[in-house]
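got a structure for you, letters missing:
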């Protein structure tokens, strides 16, 4: 436990920030994982429907500085590329 007043305040801030950040980070990981599974299983319609929600969550995490903007771009690009390959394969 911190003894110094500023360290105690920092600990309180960390608890509040963690409570705000963990749900977004968890949702991000879950949606990206589910999207990858859908693409791998060949569920084209479901993947296309969930793509905007996944992109929105990635953008939200980026805006809240949970992930770097280049990391967000890389995730979105990779998912879009995989989805396009699946569409080309099914066409």
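Everything's here; your move. Quantities reported herein were computed from a predicted structural model and do not represent experimental measurements.

List the contacts of residue 50.
The contact partners of residue 50, by CB atoms under 8 Å, 6 or more residues apart in numbering, come to 31, 34, 35, 38. Where C-beta positions appear, they are placed from N, C-alpha and C, glycine not excepted.

Among these, the buried ones, what's the ChimeraX command?
If you want just the buried ones from the contacts of residue 50 in ChimeraX, going by 16 or more other CB atoms under 10 Å, the selection is:
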select :31,35,38
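
Residue 78: neighbour count?
Residue neighbour count, defined by other CB atoms under 10 Å, stands at 13 for residue 78.

Please disregard the earlier target; I meant residue 46.
Residue 46 - counted by other CB under 10 Å - has 15 other residues nearby.

coming back round to it: among the contacts of residue 50, which one sits closest to residue 18?
Minimum distance to residue 18 across the contacts of residue 50 is 20.2 Å, recorded for residue 31 (CB to CB).
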